[in-house]
Every structure is written in structure tokens, then in C-alpha cells.
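> below is the sequence, then the predicted model.
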Amino acid sequence: MTMLHLNAFLMGVGHHEAAWRLPESDAFAQTDVEHFKRLARIAERGKLDSLFLADSPVLWNSIGRRPAGTLEPTVLLTALAGATEHIGLIATASTTYNEPFNLARRFASLDHISGGRAGWNIVTTAGVEAARNFNLDELPAHRDRYERAAEFIDVSLKLWDSWDDAAPLGDKAGGVWGDDDLLHPPHHKGRYFRVAGPLNVPRSPQGYPLLVQAGSSQDGKELAARYAEAVFTAQQTLAEAQAFYVDLKRRAAALGRDPDTIKILPGIVPAIGATEAEARALEEELDRLIKPEYARQQLATTLRVAPEDLHLDRELPADLPSEDEIQGAKSRYTLIVTLARRERLTVRQLIARLGGGRGHRTFAGTPEQVADAIEEWYRSGAADGFNIMPPVLPSGLEAFVDHVVPILRRRGLFRTEYTGSTLRDHYGLARPANQFARVPVAAAH
Ligand SMILES: Cc1cc2nc3c(=O)[nH]c(=O)nc-3n(C[C@H](O)[C@H](O)[C@H](O)COP(=O)(O)O)c2cc1C
């Protein structure tokens, strides 16, 4: 039987927006490399496939609400590469606010430094606030951001493949370090980029980083179907998750890909307790610590309404924009509105649900119940694995690794040891061939 995949989504002292207010939390941990090393080692102790850092090149909202300001993910992962041996290291980077050469070089470097454990979460970045950090007054249109993303990835792939695996020779006797004929400069000229190449980093252990995608709009799914090897997604119900899973696998198959080579990982925010009552008490304690005025402001921005139009003890206004009118994060917008309407949540209740995991599925229960929830989705064609988003860190990750992972192992669903050394090995994926290769990989050293 194939095994499920588990990724630890790390975020400061936890995904719950009020986690930093708990007595045991270090309010300033988000810039403490030792905190992240500790988290990475806990995840590796559980033999998780990978860990992941989200990112946007912008300071969101008020710094009053929660710890703000994050370390740049590829820099932080370089430190974590030195603190771990096996676990995959996935960093988010935007195709809207980077240049392919710089980014391809950074990820090739991380793949070398980590011995083949790098992954790139490809995002197009929503929000006009980020655009204003990059010489723009407005957010580029959703369609254009995705078109640029596709060209960005094409250029990056050409750059990573611009060295044959066999190009470095190290021929000391002959005095020839490398074979210039085995370089393949892309000379790319497209709508968004002109890049001569080749890259100034040799092809890395994995060839290039694992390509991950995390936006579930129609354009996002098309991009994922073409390029992604793993997909992060937020899904609230089993039926929605199954529909997304089938849709994405079909799209990949329609493009001639083996659907097994694209791994789908919905997020789950598990509040774990020794008893169900204990788990619920943790969840309630966290929800009590939310300051709704900040959250209301953010919800209003997401929904494109005035904050005064959101009454804490009433449901959402009836006349909200349609997804077509949203230029930012389309799929998250739809998820939030659908959730609120389906469960008839008041704004206050919606804020509590989003405060736990920003739209990801929140869950309070015993380790057994969390394992059941994971197994149910895995066995019913809704997921190849999960993005584990502990509400509180490190305690929530420790609880998951020490109490849920052993149950999944006993049920034959999760590995007991790492069997390979690269991130693609953990996800059961092959090392990609070089699109320009003249020398078969087996002959390469
Ligand atoms: C688990 C997960 C993590 C994500 N991380 C980021 C991130 O770090 N930065 C970002 O700009 N978007 C991130 N996204 C994507 C956004 O939520 C949003 O969907 C995307 O920016 C717009 O995609 P869409 O319009 O195709 O829905 C993430 C999505 C998921 C499911």
C-alpha cells in the first residue's frame, strides 16, 4: 500500500492567531532561529516528509494583532538544512515579485546545501500592499499573474537544466574543469522575461527543487496540473476535497501526466488533547484570546466591504462580490464565503474559525480522532497526504509527532524510517531528467 505524506507547515508559535498570547509562548520566536531548529528536529523525529514556510513580501495589516515580520524562507531553510539530515525543506517564493535568475539560483543553492531536500512553493501573491513594494500602484490582474508564473517556471526549468549533470569534469590531469559543450544557455525571450543564461550554479542533487503550488482558483489549478509535484490546498469538507482531488488529477492526466506524480495535501489544524474535552478546552482558550476588532478589519479587506458593514453578531452581508470580481486570492475568498453561508456563522464565529487556521480545516480531538480524520480523507480519495498546521508551536507539533504519528504507523499508513535521501524520494517521485541532456544521467558522476 502506498503511504500518506505529511508536511509540517511551520508558522511562528502556531497557526492560531492568538497562540502567542498563551503563557508558554515566546512572543518573539518568529525571528529566533533556535525556535525553528527545534521545530525542524521535532518534525524530523516524526519522519515527516517535509516542512514548509509560507511567505509574502509585505508586512500585512497591524502589528498589534499578532507577531509580525518573518525571516526570509530560503535564508531560514539554509540554517535548518544544517540542523537536520533528512527532512524536506519547502520555501514559498512569489513569481510576481522575483526574477527567475535570482530565484533559480537561490533554490539551486538550497538544493546543494541541503543535499537534495529543497522545494519551492510557487505563489502569485495576492494583495495590492505587496505590489506597492515593487514599483506598482495596483495589483497586476489575476490572469496576468498566472501567465507570468507559467513563464517564470519555464525559464527557471531552463536555467536549472542549463548544466548537464555531466558538465563538471574536475579533470585535474587534463586541466579541464568542466565541459562547455555541456552547458545549454536558454537564450529565453518571452512576454515577461529575457534571460540569456546559463545559470551560475551546477545542476543540483534533485536536478531542481520539488515544485509545489498553493492557489486553488481555476488558473491556479491549471498551473498546478502543468508543473506541480505537490499541491497545498485548503478544503473544509470531505466532498469539496474529493471534488478538488478528482479535478486536479484529471487536469494533470489531460496534459499527459501520470496523476500519481502530483501529490495533493489539504491543510488540517489539529487541536490535540488527551481527551476530547481537553482538546476543545485548548481550542476555546485560544478563541477567547482573539481580539475580534483586528480580525474584523482583515475580513473586511478580504471580502472587499467596509468594516462597519460586518456586525460581529450577525451573518455576512447578502451582497458580496462574486469570485470573478476578486483579483487577489480567489479560491480563499470563495472558501470563506461558502463556509460562512453553509454554517450560517455570525461574523464573530467566522472570525474564530478563520483565527484558528485562516480557512483551513480546524479540528479538536484526541490523537485517535485526529488519526481517524486523516485516514478517512486519505482512504476516500480526498488527499495523498496532509499539511499539518499545529495551532500552537512547538507543543502542537510535539503532540502530533508523539501521539498521532505512532497511530498512523500502527495502521500501516505512515513510514517508520526514511528510505531515501532527497525530498522527491520522500514523496515517491523520480529525479527529473534534464530537458537538454546530451549525456545520459547514468553516465554522469
Ligand atoms: C497551505 C497554503 C499555503 C499558502 N501559502 C502562501 C504563501 O505563503 N504566500 C502566498 O502568497 N500565497 C500562499 N497561498 C496561496 C493563497 O492562499 C492564495 O490562494 C493564492 O495567493 C492565490 O491563489 P488563487 O487566486 O489561485 O486562489 C497558500 C495556499 C495554501 C493552501
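That came through fine.
> now the stretch 151-300 of the chain against the ligand: closest residue?
Of all residues in the stretch 151-300 of the chain, residue 215 sits closest to the ligand, with a separation of 2.4 Å (CB to the nearest ligand atom). Where you see a C-beta, it was placed from the backbone N, CA and C, and this is true even at glycine.
> should've said the stretch 51-200 of the chain
For the stretch 51-200 of the chain, the residue closest to the ligand is residue 54, as judged by CB to the nearest ligand atom, at 3.0 Å.
> which stretches of the stretch 101-250 of the chain have low pLDDT?
Counting by pLDDT under 70, the stretch 101-250 of the chain has no low-confidence residues at all.
> at which residues are the helices of the stretch 101-250 of the chain located?
Secondary structure of the stretch 101-250 of the chain (DSSP state H, counting those that start in this stretch): helices at 128-131, 142-160, 218-227, 238-254.
> do the third one and the ligand meet at all?
Yes - Helix 218-227 comes into contact with the ligand (CB under 6 Å from any ligand atom), by way of 219-220.
> tell me how far that helix is from the chain's mean position?
Between the centre of helix 218-227 and the centre of its chain there are 15 Å (CA atoms, centre = their mean, to the nearest Å).
> assign the closest residue to residue 419 other than its chain neighbours to helix, strand or coil.
Distance criterion CB to CB, 6 or more residues apart in numbering; nearest residue to residue 419, sequence neighbours excluded, is residue 425 at 7.0 Å. Classification of residue 425 into helix, strand or coil gives helix, according to DSSP: H, G, I helix; E, B strand; the rest coil.
> next, count neighbours for residue 425.
19 (other CB atoms under 10 Å).
> same deal with the one 4 residues further on?
The criterion is other CB under 10 Å. On that basis, residue 429 has 19 neighbouring residues.
> how about residue 245?
22.
> make sure it is actually in contact with residue 380.
No - Residue 245 is beyond contact range of residue 380, at 9.5 Å (criterion: CB atoms under 8 Å).
> centre of the chain versus the longest strand seen in the chain, how much separation?
When the chain is scanned for its longest strand (criterion: DSSP state E), the result is strand 263-272. In terms of CA atoms, centre = their mean, the gap separating the centre of strand 263-272 from the centre of its chain is 12 Å.
> in its sheet, what does that strand sit against?
Partner strands and pairing direction for strand 263-272 (DSSP bridges) are strand 230-233 (parallel), strand 361-365 (parallel), strand 385-388 (parallel).
> could I get the ones you listed as JSON lines with mean neighbour count?
JSON lines is the format used below for those (neighbours: other CB atoms under 10 Å):
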{"stretch": "strand 230-233", "mean neighbour count": "28"}
{"stretch": "strand 361-365", "mean neighbour count": "22"}
{"stretch": "strand 385-388", "mean neighbour count": "26"}
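> which residue is the nearest non-sequential neighbour of residue 163?
Nearest in space to residue 163, with sequence neighbours left out and distances taken as CB to CB, 6+ apart, is residue 203 at 4.5 Å.
> kindly report the residues of the stretch 151-300 of the chain close to the ligand.
214-217, 219-220, 232-234, 267.
> let me see the contact set for the residue nearest to residue 163.
Residues touching residue 203, when contacts are defined by CB atoms under 8 Å, 6 or more residues apart in numbering, comprise 108, 160-161, 163-165, 167, 434.
> so which of those residues belong to strands?
Within these, membership in strands is found for no residue, as judged by DSSP E.
> mind putting the residues you listed in TSV, neighbour count included?
Formatted as TSV, the entries for the contacts of residue 203 read as follows, by neighbours: other CB under 10 Å:
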residue	neighbour count
108	26
160	25
161	23
163	25
164	23
165	23
167	22
434	25
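> check these and tell me the two furthest apart.
Spatially, the most separated pair among the contacts of residue 203 is 108 and 164, at 14.2 Å (CB to CB).
> so what's the residue count around the residue of the stretch 151-300 of the chain closest to the ligand?
Residue 215 is flanked by 25 other residues according to other CB under 10 Å.
> just confirm it contacts residue 124, I think it does.
Yes - if you go by CB under 8 Å, residue 215 and residue 124 touch, sitting 6.3 Å apart.
> now name the helix or strand holding the closest residue to residue 409 other than its chain neighbours.
Nearest non-adjacent residue to residue 409, counting by CB to CB, 6+ apart: residue 416, 5.7 Å away. With secondary structure defined by DSSP states H and E, residue 416 is part of neither a helix nor a strand.
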